[in-house]
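[1] structure for this input, please:
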Amino acid sequence: MKVDCLIVGAGPAGSVMAKEMASYGYDVLVVEKKQEIGCPKRCAEGVTKHGLDKLEMKIHPLCIFGRIKGAILYSPSGKKVLMEGEEMEGYVLERKIFEKWLAAEAIKEGARYMVKAQAIDMERKNGNWLLKVKTIEGIKEIEAKLVVGADGVESKVGRWAGLNTTNKITDYHSGIQFEMAGLNIENKYIHIFFGREVAPLGYAWIFPKAFSFNVGLGILVKQAKMRAYDYLKKFIEEHEEIFRNAQPIEINAGGVPVAHFTEMVTDGVMLVGDAAQLVNPIHGGGIYRAIHSSLMAAEVANKALKENDLSKERLKEYEKKWEEEYGEKTKKLMKLRAFLEKLEDKDFELLAEILQGEDIYALTQAKLNFFIKKLIKKPSLLVLAKKYLM
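    Alright, predicted model coming up:
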């Protein structure tokens, strides 16, 4: 089998890439190792309305399982900081439906899909890539001009292509999540909990859905005293007023890369979404950036295919586009993350006293200068902030 574009992975990045490339008229094939697209989820499923509008993306209403007005942040002692406003409004999706819808949209444009089809090897051949794919019908060989790695944090495509996709342990968070029913908590906001005893160098979350909640946390394993699962059980036990009658109806776990470092292209290969470590380094969110990366990659891939030039040098235009859009912002957010990782619980209490919701939103957008001024009355934090943020 020969195709113009072979995409490995049918998550949001893979299916958006498939739709775009098929719309340009290319022969597109997506292979997905799981037997069902969208399962299991490894995601809190939140997206902002502002972000979707920026991408000019109108999602099917059946994908939306919760509408949120903003976020409530909790310090270790329970102090609350409310984040509201138009830019904080958003949705909690049902990924099992969302990803199927994205695949259906790609198929409408002409893309082909193979599920329960796992790429097991990849090699260069006559200027193209030859992939071996294990399917229900046996091993198939597929030759492609362009291979797109949309195969998540464990990306094999990147490794097969010679790209270094190994994340440092200090840039890799362990996450676990229960979907639970029966919680007693406001369901118009997402809830974020901080503290070294809650989630070392991470945070715990509660995201409301139509009739359930995503309850999870992420931790930096190197700094943890126990497993992420144990921290989550402890978090639930310590918030009896919220979880008194709650029961889990699903459990998921996985790793979250929180530092983009890998090359994104080589000859005939592009990486998108989590495969290229493209997540927000502060909160670990990846849906928006995954979709945006595929839109950028497809634009460059279309031009490269028309020019019959899929060299690393030609495809680097995608990498440059990403750097122009996110490079400086990501560097600032990495500095902010380094600062936050040095904070003790007492420091989070101080921040809860001086920061308003709009301040915290500004920080997540890498606006750091105002933050230094806010810390003038908190000398201990000011010294630390100048060390890491300036």
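
[2] outline the domain layout of this protein.
    What automatic domain parsing lists as the domains of the chain is 2-45+94-166+259-310, 169-257, 333-389.

[3] span of stretch 99-117 from start to end?
    Stretch 99-117 has an end-to-end distance of 17 Å (C-alpha to C-alpha, to the nearest Å).

[4] mind jotting down where the helices sit in the stretch 51-200 of the chain?
    95-108, 156-160 (DSSP state H, counting those that start in this stretch).

[5] format these as CSV; extra columns: distance to residue 387, mean pLDDT and mean neighbour count.
    Just so you know, the C-beta spots here come from the backbone N, C-alpha and C atoms, and that holds for glycine as well. Shown next, in CSV, are the helices of the stretch 51-200 of the chain (distance: least, C-beta to C-beta, whole Å; pLDDT from 0 to 100; neighbours: other C-beta atoms under 10 Å):
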stretch, distance to residue 387, mean pLDDT, mean neighbour count
helix 95-108, 39, 97, 20
helix 156-160, 34, 94, 21
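
[6] out of those helices, the one nearest residue 35 is which?
    Relative to residue 35, the nearest member of the helices of the stretch 51-200 of the chain by C-beta to C-beta is helix 95-108, separated by 12.8 Å.

[7] and that closest one, what does it pack onto?
    Using 3 or more C-beta pairs under 8 Å, 6 or more residues apart in numbering; DSSP states H and E, the elements in contact with helix 95-108 are helix 12-23, strand 28-32, strand 112-115.

[8] and those as a markdown table, adding mean neighbour count and mean pLDDT?
    Shown next, in a markdown table, are those (neighbours: other C-beta atoms under 10 Å; pLDDT from 0 to 100):
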| stretch | mean neighbour count | mean pLDDT |
| --- | --- | --- |
| helix 12-23 | 28 | 98 |
| strand 28-32 | 26 | 98 |
| strand 112-115 | 17 | 98 |
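
[9] out of these, the one nearest residue 375 is which?
    Closest to residue 375 of these, according to C-beta to C-beta: helix 12-23, at 37.2 Å.

[10] and that closest one, C-alpha only, in PDB?
    Output in PDB follows, covering the C-alpha atoms of helix 12-23 (Å, rounded to 0.1, in the frame of the first residue of the first chain):
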ATOM      1  CA  PRO A  12      -6.900  15.100  18.500                       C
ATOM      2  CA  ALA A  13      -3.500  15.900  16.800                       C
ATOM      3  CA  GLY A  14      -3.700  13.000  14.500                       C
ATOM      4  CA  SER A  15      -7.300  13.400  13.300                       C
ATOM      5  CA  VAL A  16      -7.000  17.200  12.800                       C
ATOM      6  CA  MET A  17      -3.900  16.600  10.700                       C
ATOM      7  CA  ALA A  18      -5.800  13.900   8.800                       C
ATOM      8  CA  LYS A  19      -8.700  16.200   8.000                       C
ATOM      9  CA  GLU A  20      -6.400  19.000   6.900                       C
ATOM     10  CA  MET A  21      -4.300  16.900   4.600                       C
ATOM     11  CA  ALA A  22      -7.300  15.100   3.100                       C
ATOM     12  CA  SER A  23      -8.900  18.500   2.400                       C
END
